[in-house]
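A.B. asks: Provided below are the primary sequence and the corresponding predicted coordinates.
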Amino acid sequence: MVDISLVTILLPSFCGGVLILISHLILGRQVLNRGIVFMDLAVAQIAAMGAVIAHIMNKALESSHNHLQETFKNGLETVMPFVFSIAGACLISKLSRHAATELEAIIGCIYILAAACILLVLASDPHGAEHISDTLGGRLLWIQWSDLQIPGLATLALLAGLLVMPRLLAGKLFYPVFAILITMSVKLSGVYLVFTTLIMPALAISGRVGIKSWITGYSLGIIGIGTGLMLSSLFDYPGGASIVVMMAVACALFRVIVKSPATASP
């Protein structure tokens, strides 16, 4: 028998995961086509670095109770991740034109540099380990319906833009759009789940085209999100990590059972 109260608790998390998946499968296929697989990790980590720096700056303002300074503190937490991620995406866009053969290696270096900076900035923070855990694993299990409003509008804007301009993401505009959506996703789900939803379903349907490929990709992602959340609730496992594992299982089984056109024998 289905526990209605459990379903009610997990429904915002499930919808949040599906909302992230909707845009991430689109972006993930672009990432694979462009050969910049680690870009999402790098941009997500840069966005997380912006959030951490905003947190440190806010701590410096904690002694003040001035209304304007409180507003400034809230603005920092919202704006800084976007500023950092868009700047990082624009840097990668420039590098894609001037250092194409070394791009993946450079993106990997950017990722590890951002991760190291987070560790250094939080080294003296007593809650540093908690912030790092939230950055990587996310807080998908604890999101509320109100947390999905702005990401939902951003996803609708992406879908509407693609409907009007099907090649919207084919040019340079891909990078800022990618940065904005990734930053929103990191806040909801963490770096691990961002990478997972971007790459795993897209990789599972690599070489496939047409509406069936999209249905398959979204189905695999939804299976991973649903079973991961159930595993998390039943055994008290971290939500983000559970989804990562279950989505990996679903996508790997699909690739093993159903041969990709790219690898099938002629």
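C.D. replies: Yep, it's here.
A.B. asks: The residue sitting nearest the centre point of the chain: what's it in contact with?
C.D. replies: Most central in the chain under Cα atoms, centre = their mean is Val194, positioned 2.5 Å from the mean C-alpha point. Listed by Cβ atoms under 8 Å, 6 or more residues apart in numbering, the contact partners of Val194 are 20, 24, 40-41, 44, 182, 185-186. C-beta coordinates here come from the backbone N, C-alpha and C atoms, glycine included.
A.B. asks: ok, and what's touching the helix or strand of the chain with the lowest mean pLDDT?
C.D. replies: The helix or strand with the lowest mean pLDDT-type score in the chain, counting by mean pLDDT, DSSP states H and E, is helix 128-137 (a mean of 75). Taking contacts as Cβ under 8 Å, 6+ apart, the residues outside helix 128-137 that touch it are 48, 51-52, 55, 118-119, 122, 125, 186, 190-193, 238-241.
A.B. asks: if we go to 7 Å?
C.D. replies: Around helix 128-137, the neighbours that count as contacts under Cβ atoms under 7 Å, 6 or more residues apart in numbering are 48, 52, 55, 118, 122, 125, 190-192, 238, 240-241.
A.B. asks: possible to save those as JSON lines with secondary structure and pLDDT?
C.D. replies: Rendered in JSON lines, the data for the contacts of helix 128-137 read as follows (DSSP: H, G, I helix; E, B strand; the rest coil; pLDDT from 0 to 100):
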{"residue": "Ala48", "secondary structure": "helix", "pLDDT": "87"}
{"residue": "Val52", "secondary structure": "helix", "pLDDT": "84"}
{"residue": "His55", "secondary structure": "helix", "pLDDT": "77"}
{"residue": "Ile118", "secondary structure": "helix", "pLDDT": "86"}
{"residue": "Leu122", "secondary structure": "coil", "pLDDT": "84"}
{"residue": "Asp125", "secondary structure": "coil", "pLDDT": "78"}
{"residue": "Gly190", "secondary structure": "helix", "pLDDT": "85"}
{"residue": "Val191", "secondary structure": "helix", "pLDDT": "87"}
{"residue": "Tyr192", "secondary structure": "helix", "pLDDT": "88"}
{"residue": "Pro238", "secondary structure": "coil", "pLDDT": "86"}
{"residue": "Gly240", "secondary structure": "helix", "pLDDT": "87"}
{"residue": "Ala241", "secondary structure": "helix", "pLDDT": "89"}
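A.B. asks: Report the buried members of those residues.
C.D. replies: Taking 16 or more other Cβ atoms under 10 Å as the criterion, what is buried in the contacts of helix 128-137 is 48, 52, 55, 118, 122, 190-192, 238, 240-241.
A.B. asks: Secondary structure element holding the residue nearest to the centre of the chain?
C.D. replies: Take DSSP states H and E as the rule and Val194 turns out to sit in helix 174-204.
A.B. asks: Kindly calculate the angle that the helix or strand that that helix is followed by makes with helix 174-204.
C.D. replies: Scanning forward in sequence from helix 174-204, with DSSP H and E defining helices and strands, the next element found is helix 211-235. Angular relation of helix 211-235 and helix 174-204 on a 0 to 180 degree scale: 80 degrees, by axes from the mean of the first three to the mean of the last three Cα atoms, to 10 degrees.
A.B. asks: Enumerate every residue touching the spatially closest residue to Gly190 that is not a sequence neighbour.
C.D. replies: Setting aside the residues directly before and after it, Gly190 is nearest to Gly138 in space (Cβ to Cβ, 6 or more residues apart in numbering), at 2.5 Å. Counting by Cβ under 7 Å, 6+ apart, Gly138 makes contact with 188-190, 193, 240.
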